[in-house]
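Asker: make a model of this:
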Amino acid sequence: MIKKAIGVALAGVALLAPTTATAQEQHPAAASRPGGTDWQRVGDGITAGISGLAIEGRHGAAIDAVGVRDNKKPDQNRLVAIGLRPDAGPQVQPLDWVGDLPVDLEAIDAVPGRPHEFVALASSGTAYRVVREGDTARVLGTFQLPGISPDANYEGFALFVSHGKTVAVWADRGQDDRPATLSAAVWNTADNSFEKPVSAEFRAPYPTADVRHVSDVKVAADGRLTVSSASDPGDDGPFASALYDAGRVGVTADGRVRLTVSERPRRLATVVGHKVEALACLPGSRSGVLGSDDENAGGSVAVAAFCRP
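Answerer: Model (predicted):
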């Protein structure tokens with residue numbers, strides 16, 4: 001079912017719809033409107049929000065993604081498969097979680113070079129390495145991010161490869177006057193250990209009230225950081241969000257991680273009416289998927305051209 005767009009804008013125009021892009025590139029899975037501004041519902045009610053997204057595969061205009069839900073009770077869904085197809089509503093399949101049960105999953109990303117394998121992050125800083133096997137998500141292992149704080153709330157996570165090393169990026173969301181903290185470190189996939197992390201603070205200029213400065217983060221192939229920021233005044237909203245070009249991360253020639261965060265980030269898009277908590281980009285494309293956790297209003301996704309290939 002396609003939900004009417006509440007408002008996705010870039011300085012008053014369609015969300016990141018370059019004038020040179022084709023309609024298919026702007027919105028490969030649902031090109032019914034310029035710029036891909038259609039939001040599609042993927043669940044009703046407070047347990048159906050999408051708090052993190054990762055791309056599992058793409059076949060032409062068809063996109064397969066997995067999303068995490070920030071549920072806390074044993075009988076509630078944690079991981080959901082979402083299939084996006086042209087001219088059709090989302091195919092939504094909750095996955096059975098097998099292994100240590102997480103509380104409050106807030107982010108997820110695919111493990112580079114390992115099909116159907118993901119790392120999902122709970123708000124406490126505990127990570128769950130899982131593999132999807134059909135309708136099941138099986139836990140391969142759990143581990144803690146380095147340098148986590150008991151006072152933090154972790155909402156963003158991303159993985160990418162730089163100079164042959166897998167780099168993890170994660171974010172404490174911050175709150176109002178307290179900025180978010182972005183951190184990065186080399187992650188050793190063999191044993192889930194980390195090298196020494198580096199960190200930097202990030203403040204979102206918008207939204208300005210009830211703001212979570214980072215509600216998710218993803219990294220382009222060249223190391224550019226895209227973050228979402230969101231206003232969350234309560235379970236009934238009203239919600240507002242923005243996407244930012246936040247800086248850059250990478251590995252230097254001598255093997256060190258370098259993280260640069262902009263003090264004056266460039267706003268890529270404004271989203272009115274949804275609390276964006278999830279970002280995922282299609283490899284080599286400007287197109288990506290946004291996910292919202294709109295609390296009592298449920299969860300929705302939108303495909304739009306906000307990524308940097």
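Asker: you'd agree residue 171 is up against residue 199?
Answerer: No: contact criterion C-beta atoms under 8 Å: residue 171 and residue 199 do not qualify, at 9.7 Å. C-beta here means a position set from N, CA and C on the backbone, and glycine is covered the same way.
Asker: between those two, which contacts overlap?
Answerer: Contact criterion C-beta atoms under 8 Å, 6 or more residues apart in numbering; residues shared by residue 171 and residue 199: 181-183.
Asker: now do the SS call for residue 244.
Answerer: strand (DSSP: H, G, I helix; E, B strand; the rest coil).
Asker: who wins on neighbours among the shared contacts of residue 171 and residue 199?
Answerer: Per-residue neighbour counts (other C-beta atoms under 10 Å) across those peak at residue 182, which has 26 neighbours.
Asker: next one: that residue from residue 99, what distance?
Answerer: Going from residue 182 to residue 99 by C-beta to C-beta, to the nearest Å gives 29 Å.
Asker: what does residue 293 give?
Answerer: 23 Å.
Asker: ok, now residue 162?
Answerer: 30 Å.
Asker: looking at these two, which one has more neighbours?
Answerer: residue 162 (19 against 15).
Asker: what about the helices in this structure?
Answerer: 23-26 (DSSP state H).
Asker: remind me what the longest strand belonging to the chain packs against, helices and strands.
Answerer: Taking DSSP state E as the criterion, the chain has its longest strand at strand 257-272. Using 3 or more C-beta pairs under 8 Å, 6 or more residues apart in numbering; DSSP states H and E, the elements in contact with strand 257-272 are strand 8-10, strand 180-188, strand 198-202, strand 224-231, strand 240-251.
Asker: if you average pLDDT over each of those, which is lowest?
Answerer: For the helices and strands packed on strand 257-272, mean pLDDT drops lowest on strand 8-10, to a mean of 40.
Asker: look up how far residue 150 lies from residue 214.
Answerer: Residue 214 is 19 Å from residue 150, by C-beta to C-beta.
Asker: list the buried residues for stretch 287-304?
Answerer: For stretch 287-304, burial by neighbour count (16 or more other C-beta atoms under 10 Å) applies to 287-295, 297-304.
Asker: ugh, wrong one, I meant stretch 244-257
Answerer: So, applying 16+ other C-beta under 10 Å, buried residues of stretch 244-257: 244-251, 257.
Asker: now the end-to-end length of that stretch.
Answerer: 21 Å (C-alpha to C-alpha, to the nearest Å).
Asker: can you list contacts of it?
Answerer: When contacts are defined by C-beta under 8 Å, 6+ apart, stretch 244-257 is touched by residues 162-163, 165, 167, 169, 182, 184-186, 195, 197-198, 200, 202, 204, 214, 217, 219, 222-229, 258-262, 265-268.
Asker: coming back round to it: make a markdown table out of the shared contacts of residue 171 and residue 199 and add distance to residue 309.
Answerer: Below are those laid out as a markdown table (distance: C-beta to C-beta, whole Å):
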| residue | distance to residue 309 |
| --- | --- |
| 181 | 28 |
| 182 | 22 |
| 183 | 25 |
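Asker: so which of those residues is the closest to residue 140?
Answerer: Taking C-beta to C-beta as the measure, residue 140 sits nearest to residue 183 out of these, at 22.9 Å.
Asker: with adjacent residues omitted, what lies nearest to that closest one?
Answerer: Nearest in space to residue 183, with sequence neighbours left out and distances taken as C-beta to C-beta, 6 or more residues apart in numbering, is residue 199 at 4.4 Å.
Asker: touching, the one you found and residue 181? I think so.
Answerer: Yes: counting by C-beta under 8 Å, residue 181 is a contact partner of residue 199 at 5.5 Å.
Asker: give the contact list for the residue nearest to residue 125 when sequence neighbours are not counted.
Answerer: Leaving aside its sequence neighbours, residue 125 sits nearest to residue 148 (C-beta to C-beta, 6+ apart; 3.4 Å). When contacts are counted by C-beta under 8 Å, 6+ apart, residue 148 touches 124-125, 154.
Asker: most neighbours out of those, which is it?
Answerer: Neighbour count (other C-beta under 10 Å) singles out residue 154 as the most crowded of the contacts of residue 148, with 25 neighbours.
Asker: who's in contact with that one?
Answerer: With C-beta under 8 Å, 6+ apart, residue 154 has these contacts: 106-107, 121-125, 145, 148, 170-173.
Asker: same check, this time on residue 232
Answerer: 210, 212, 239, 275, 295.
Asker: chain neighbours aside, what residue packs nearest to residue 278?
Answerer: residue 291 (3.1 Å).
Asker: that's all I had, so thanks and see you.
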